[in-house]
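Asker: structure of the sequence below:
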Amino acid sequence: MTSTGTMRIHFSKTVLGSSCRDRVPGSCFPRLLTRGLSTSNESLRKTRLYDFHVQNGAKMVPFAGYAMPLSYGSVGQVASHNHVRMSAGLFDVGHMVQSHFRGATTMAFLEWLTPSSLKSLSPYSSTLSVLLNENGGIIDDTVITKHSDNAFYVVTNAGRRDRDLAWFRQKLDEWNSGERAKDGKVEHEILEDWGLVALQGPKAAEYLQNLTSADLTKLTFGKSAYVTIGGFLLHVARGGYTGEDGFEISIPPSQTVEVAQLLSQSPVQLAGLGARDSLRLEAGMCLYGNDLDEDTSPVEAGLSWVIGKDRKESGDFIGADGVRKHLKDGPPRRRVGLVVEGAPARQGTRIFAHSGKEVIGKITSGIPSPTLNKNIAMGYVLSGWHKKGTEVEVDVRNKLRKAFVTPMPFIKPNYWRG
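Answerer: This next block holds a predicted model:
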């Protein structure tokens, strides 16, 4: 959320940024994971940068209802991944849903929809959070930025657009017609057709600094500000979905192409969904639809840290009973990282006890890591099998292969904290 896919932010405890966090098709993945979406270009939405991508040689694929770039020209997924790790890449995450919530009771409303403690956020700080259903399952993961007590900027996943927006409408109607809105109703504005790009990598800050007089060293991880970049006043958030330093930049529709051109000169390379997915998995970040769904609680997902300390016991949020049960009794399963010997384990691969007889979980995301030259994966195992160093086996192509539970993120994040 995101893919686009943690901001105050930790992602995994380290996840900042958008969420884009929906299923990703890619050259390193055996199937296009389009979740029932049509492959007809006529039926797909397009971001403001569609023509820009085509002009730059992008291979466009269906993703979360949009035509999105998988890769560009002859630059492969691994080369693009490595360039972001070593230099800088620019991602189009304009398929993400950007929203403003405003009104006197906005903070209380969002604290009802999520388990996060938004009161503790300072202005222009962000946090990863989750929208929960009545059972405590994750409807979507989201990044929430507090501009003031009465104004919040929220980014949600493109693949959950219909579900999220319907949920917002339903809950806004309940809130605004009830006693809790007595001090003022909440308004919801969707920033339709706005651009959103992510400039990521160790050279991202140096590149962006050359385009602005603002001192970007003061804009630390999880913080945002309105910054003039090349003559354009833009909302800039420090963070992202790669584990590298970087920025997510929201752009008015009429300025999106010009800003993308400004941000994609050498040494920056355009990067697509293939690189984005391998980068986020190395950084231990969840992908909605793979690693998160409505049958998974934040406790199972290893996201208990998004639940405010003051809210674990007494917070009045949707799904609180289910979440508190998992906090108190422990979840039945837990999300873990794995390093797999031999061939890579893909989504859906079964995880066995090391005896090879008992199924104890399944893989939700898996790739050969370009950075580590190891096969890494993320998945869920029964509680008790989640401890660091635990040996398990995974069924890859009808052959059991050794795997070991490994802490995430798999790589050391390089966020700018000042």
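Asker: could you find the closest non-adjacent residue to D92?
Answerer: The shortest distance from D92 to any non-neighbouring residue, by Cβ to Cβ, 6 or more residues apart in numbering, is to L49 (4.8 Å). Where C-beta positions appear, they are placed from N, C-alpha and C, glycine not excepted.
Asker: roughly how far apart are the one you found and V154?
Answerer: L49 sits 22 Å away from V154, going by Cβ to Cβ, to the nearest Å.
Asker: also T242?
Answerer: On the measure of Cβ to Cβ, T242 and V154 end up 21 Å apart.
Asker: the two: who's more crowded?
Answerer: T242 (31 against 23; other Cβ atoms under 10 Å).
Asker: any idea how far the more buried one lies from S278?
Answerer: Distance, T242 to S278, using Cβ to Cβ: 9 Å.
Asker: same thing with L118?
Answerer: Counting by Cβ to Cβ - L118 and S278 are separated by 32 Å.
Asker: before we move on, back to that, the residue nearest to D92 - how many residues pack around it?
Answerer: 26.
Asker: I'd guessed it sits against V93; true?
Answerer: No. Under the criterion of Cβ atoms under 8 Å, L49 is not in contact with V93, lying 10.0 Å apart.
Asker: rewinding a little: between L118 and S278, which one's more packed in?
Answerer: Taking other Cβ under 10 Å, L118 and S278 do not tie; S278 has more neighbours (28 against 21).
Asker: now do the same for the helix or strand hosting the more buried one: mean pLDDT, whole number.
Answerer: Counting by DSSP states H and E, the element that carries S278 is helix 273-282. Taken as a whole, helix 273-282 carries a mean pLDDT of 98.
Asker: what is that helix packed up against?
Answerer: strand 66-72, helix 77-86, strand 359-368, strand 375-382 (3 or more Cβ pairs under 8 Å, 6 or more residues apart in numbering; DSSP states H and E).
Asker: list phi and psi for N56.
Answerer: Per-residue torsions, N56: phi -100, psi 20 (degrees, to the nearest 10).
Asker: contact partners for it?
Answerer: 72-73, 264, 270 (Cβ atoms under 8 Å, 6 or more residues apart in numbering).
Asker: show me the shaky parts of the stretch 1-150 of the chain.
Answerer: Scanning the stretch 1-150 of the chain for pLDDT under 70 picks out the ranges 1-42.
Asker: quick one: the strands in it?
Answerer: In the stretch 1-150 of the chain, the segments counted as strands under DSSP state E, counting those that start in this stretch are 58-63, 66-72, 89-92, 97-102, 125-132, 138-148.
Asker: out of those strands, deepest packed?
Answerer: Of the strands of the stretch 1-150 of the chain, the one with the most neighbours on average (mean count of other Cβ atoms under 10 Å) is strand 89-92, at a mean of 28.
Asker: that strand pairs with which strands, parallel or anti?
Answerer: Strand pairing for strand 89-92, using DSSP bridges, gives strand 195-200 (antiparallel), strand 269-270 (parallel).
Asker: deepest-packed of those, please.
Answerer: Of the strands paired with strand 89-92, the one with the most neighbours on average (mean count of other Cβ under 10 Å) is strand 195-200, at a mean of 27.
Asker: list the contacts of that one.
Answerer: For strand 195-200, contacts defined as Cβ under 8 Å, 6+ apart pick out 4, 17-18, 47-49, 84, 88-94, 96, 98, 155, 207-208, 240-242, 244-253, 255-256, 259-260, 263, 268, 271, 279.
Asker: report the longest helix in the protein, please.
Answerer: helix 161-176 (DSSP state H).
Asker: any idea which helix or strand comes after that one?
Answerer: strand 187-190.
Asker: now that next one - C-alpha only, PDB.
Answerer: What follows is the C-alpha trace of strand 187-190 in PDB, where atoms were taken according to Å, rounded to 0.1, in the frame of the first residue of the first chain:
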ATOM      1  CA  GLU A 187     -15.700  14.600   4.600                       C
ATOM      2  CA  HIS A 188     -13.900  12.300   2.200                       C
ATOM      3  CA  GLU A 189     -12.200  13.500  -0.900                       C
ATOM      4  CA  ILE A 190     -10.700  11.000  -3.400                       C
END
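Asker: burial of N414, as a residue count?
Answerer: Neighbours of N414 using other Cβ under 10 Å come to 15.
Asker: so it is in contact with E244, correct?
Answerer: Yes. Here N414 reaches E244: they are 5.2 Å apart, a contact under Cβ under 8 Å.
Asker: find residues that contact each of the two.
Answerer: Counting by Cβ under 8 Å, 6+ apart, the residues touching both N414 and E244 are P202.
Asker: a strand runs through A260, doesn't it?
Answerer: No. Judged by DSSP: H, G, I helix; E, B strand; the rest coil, A260 forms no part of a strand; its state is helix.
Asker: show me what contacts it?
Answerer: Counting by Cβ under 8 Å, 6+ apart, A260 has contacts 49, 52, 90, 92, 195, 197, 251.
Asker: how about the strands of the stretch 201-350 of the chain, start to end?
Answerer: Going by DSSP E, counting those that start in this stretch, the stretch 201-350 of the chain shows strands at 224-229, 232-238, 246-251, 269-270, 333-340, 350-353.
Asker: in CSV: the ones you listed, plus mean pLDDT and distance to F317.
Answerer: Putting these into CSV (pLDDT from 0 to 100; distance: least, Cβ to Cβ, whole Å) gives the following:
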stretch, mean pLDDT, distance to F317
strand 224-229, 98, 24
strand 232-238, 98, 24
strand 246-251, 98, 26
strand 269-270, 98, 39
strand 333-340, 98, 21
strand 350-353, 98, 32
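Asker: among those strands, which comes closest to G315?
Answerer: G315 lies closest, by Cβ to Cβ, to one member of the strands of the stretch 201-350 of the chain: strand 333-340, at 22.1 Å.
Asker: the closest one: how far from the chain's middle?
Answerer: Centroid displacement of strand 333-340 relative to its chain, using Cα atoms, centre = their mean, to the nearest Å, is 18 Å.
Asker: ok, stretch 111-121 next?
Answerer: 18 Å.
Asker: export that stretch as PDB, just CAs?
Answerer: C-alpha atoms of stretch 111-121 as PDB (Å, rounded to 0.1, in the frame of the first residue of the first chain):
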ATOM      1  CA  GLU A 111      -9.100   5.600  15.000                       C
ATOM      2  CA  TRP A 112     -12.500   3.800  14.700                       C
ATOM      3  CA  LEU A 113     -11.500   2.300  11.300                       C
ATOM      4  CA  THR A 114      -8.000   1.400  12.400                       C
ATOM      5  CA  PRO A 115      -6.200   0.200  15.500                       C
ATOM      6  CA  SER A 116      -3.500   2.900  15.300                       C
ATOM      7  CA  SER A 117      -3.000   5.700  17.800                       C
ATOM      8  CA  LEU A 118      -3.200   8.700  15.600                       C
ATOM      9  CA  LYS A 119      -3.300  11.100  18.500                       C
ATOM     10  CA  SER A 120       0.400  10.400  19.200                       C
ATOM     11  CA  LEU A 121       1.400  11.400  15.600                       C
END
